[in-house]
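# Next come a sequence and a model predicted from it.
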Amino acid sequence: MKKLLIILHDLSAGGAEKMMTRLAGALVDAGNDVTLLMLTGGGFHAANLDPRVKKVELQSQRTARAVPALARFLRANRFDAQLAALTHVNVVAIIAASLSGTLARLHVSERNTFSHDKHVNQGFMVRQAYRVAPLLYRLIPNPVICVSRGVAQDLVDTTLARLKDVTIADNPVLDDDFRDKPPGRPSHRWLLQKSSPVIVAVGRLAPQKGFDTLINAFARLPDANVRLVIFGEGALRAQLLEQARTLGVADRFDVPGYTRDPMAEVAAADCFVLSSRFEGSPNALVEALSTGTPVVSTRCPHGPQDILIGGLVAPLVAVDDPSALAQAIALQLSTPRDLQRQSRIDAAARFMNASAVETYLAALLRRPSP
């Protein structure tokens, strides 16, 4: 049994937080003693944390101010491996691990396309973290764990990082028995009592997710009975609702907020769409594939091309092309639902907990890759 630590800022409703919550539980299933430490504390996914995972909250007012407390914790609690996630947390963890003498056991991870993601958060301290992180990644003893080949290559192509400074580990998106589990009951009224086709998308209401392009594509569909539901929250809520009103589709469009079981909503839908401008490794796409529901995705950097095997599993369209997106959605809605269903499920299976956790253990404990 290995003693492992995961370091996050909190467990808010983001993809990285969700995956680290799942990874913690999967590492316990693999026979390890796991602690999840939050520099601040709380968040949407706290309720989903496996009770066998030890939880520590430093309650720092800001992530950057957590360095002294984290250094004391690392010095007092020796772990076989320490894993930090998200760029600004990585920088804090590197400094704290250096001060505590545990840098040799620290691993950091990048969850998104660095060259794009660095422009998203304009907070002063976060921007500074993105400036200094590539230099630190070149100096630390362990390679940066990236969620996809594209994320790793982007880090090498656009920063000081070298190929030897990066490695890859898959996200633990699905339970090992996902094939045997029936889908949950959807919560949305359009999916509970379906009277017309429903398209579903899931994600933060932020520019990265390209939901404005999706709404434009939705308005171009030839079938005026189709409905669109985007599950998520974010700063663009009012803007997206206004866009739907302007395009005359507001009565067929809904943004109900987050859902506790997005896979239940997707499983009941007629098509899932990933309209992102960039990703790291889109977990929502993998979850959608696992339900067997038809999907359409942009060919965004990075992840979809790898997950969908270059378009063999499901259609890939150019980023920010509502016409092409509308055509692909219309094709999926007019194609028998079960066509290529098994191919979609098989493509998702790579991201089962047991498979993914082995790629993490290989990186964290310097085991041979599975």
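Received the coordinates, thanks. Numbers count the residues shown, from 1 in each chain.

# rest of the way, CA atoms for contacts and neighbours
Noted.

# mind checking the end-to-end distance for stretch 312-319?
Terminal residues of stretch 312-319 are spaced 18 Å apart (C-alpha to C-alpha, to the nearest Å).

# got the buried residues for stretch 311-328?
Neighbour counts over stretch 311-328 (16 or more other C-alpha atoms under 10 Å) mark 311, 313-317, 319-320, 322-328 as buried.

# Let me see the mean pLDDT of that stretch.
The average pLDDT for stretch 311-328 rounds to 98.

# Pull the residues that contact that stretch.
Residues outside stretch 311-328 that contact it (C-alpha atoms under 8 Å, 6 or more residues apart in numbering) are 210, 213-214, 216-218, 220-221, 275-277, 294-300, 304-305, 308, 310, 340, 343-344, 347.

# Let's see that with 6 Å instead.
With C-alpha atoms under 6 Å, 6 or more residues apart in numbering as the test, stretch 311-328 has contacts from Thr213, Asn216, Ala217, Leu221, Arg277, Val296, Ser297, Thr298, Arg299, Arg344.

# What segments of the stretch 1-150 of the chain are helices?
Using DSSP state H, counting those that start in this stretch, the helices of the stretch 1-150 of the chain run over 15-29, 67-76, 87-100, 114-117, 124-139, 149-158.

# Can I get those in JSON lines including mean neighbour count?
Output for the helices of the stretch 1-150 of the chain, formatted as JSON lines (neighbours: other C-alpha atoms under 10 Å):
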{"stretch": "helix 15-29", "mean neighbour count": "22"}
{"stretch": "helix 67-76", "mean neighbour count": "17"}
{"stretch": "helix 87-100", "mean neighbour count": "22"}
{"stretch": "helix 114-117", "mean neighbour count": "17"}
{"stretch": "helix 124-139", "mean neighbour count": "16"}
{"stretch": "helix 149-158", "mean neighbour count": "20"}
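
# Show me how this structure divides into domains.
Taking automatic domain parsing as the reference, the chain has its domains at 3-172+352-364, 178-349.

# quick check, Leu361 in a strand?
No - with DSSP: H, G, I helix; E, B strand; the rest coil as the criterion, Leu361 is assigned helix and is not in a strand.

# From Ser355, how far off is it?
Leu361 is 10 Å from Ser355, by C-alpha to C-alpha.

# ditto for Ala324
With distances taken as C-alpha to C-alpha, Ala324 is found 34 Å from Ser355.

# again, but for Val229
With C-alpha to C-alpha as the criterion, Val229 and Ser355 are 32 Å apart.

# Which one of the two is surrounded by more residues?
Ranked by neighbour count (other C-alpha atoms under 10 Å), Val229 and Ser355 place Val229 first, with 23 against 19.

# so the more buried one sits right up against Asp254, yeah?
Yes - using C-alpha atoms under 6 Å, Val229 makes contact with Asp254 at a distance of 4.9 Å.

# ok, Asp170 - contacts?
Counting by C-alpha under 6 Å, 6+ apart, Asp170 has contacts Val147, Ala356.

# Dihedrals phi and psi, it?
Backbone torsions for Asp170, taken as degrees, to the nearest 10, come to phi -80, psi 150.

# got it, and Ala314?
phi -160, psi 160.

# what does Val166 give?
Backbone torsions for Val166, taken as degrees, to the nearest 10, come to phi -130, psi 150.

# what pairs with it across the strands?
Under DSSP bridges, the beta-bridge partners of Val166 are Val144.

# ok, it to Val28 distance?
Counting by C-alpha to C-alpha, the gap from Val166 to Val28 is 25 Å.

# Ok, Ala347 next?
On the measure of C-alpha to C-alpha, Ala347 and Val28 end up 25 Å apart.

# One more: Ala47?
Taken as C-alpha to C-alpha, the span from Ala47 to Val28 is 17 Å.

# For the nearest residue to Met125 once chain neighbours are set aside, give me the pLDDT.
Among residues not flanking Met125 along the chain, Ala64 sits closest, at 7.4 Å (C-alpha to C-alpha, 6 or more residues apart in numbering). pLDDT, Ala64: 88.

# swap in the one 3 residues further on?
The predicted local confidence for Val67 comes out at a pLDDT of 97.

# dump the residue contacts of it.
By C-alpha under 6 Å, 6+ apart, Val67 lies in contact with Val92, Ala96.

# Offset the numbering so it begins at 367, please.
Done: numbering now begins at 367, and the last item shifts to Val433.

# Next, show the common contact partners of Val595 and Asp620.
Residues touching both Val595 and Asp620 (C-alpha under 6 Å, 6+ apart): none.

# could I get the helices of the stretch 367-516 of the chain as CSV with distance to Ala654?
Listed next are the helices of the stretch 367-516 of the chain as CSV, based on distance: least, C-alpha to C-alpha, whole Å:
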stretch, distance to Ala654
helix 381-395, 14
helix 433-442, 37
helix 453-466, 27
helix 480-483, 24
helix 490-505, 31
helix 515-524, 21
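
# With respect to Glu631, which of those lies nearest?
Of all the helices of the stretch 367-516 of the chain, helix 381-395 sits nearest to Glu631, with 17.3 Å by C-alpha to C-alpha.
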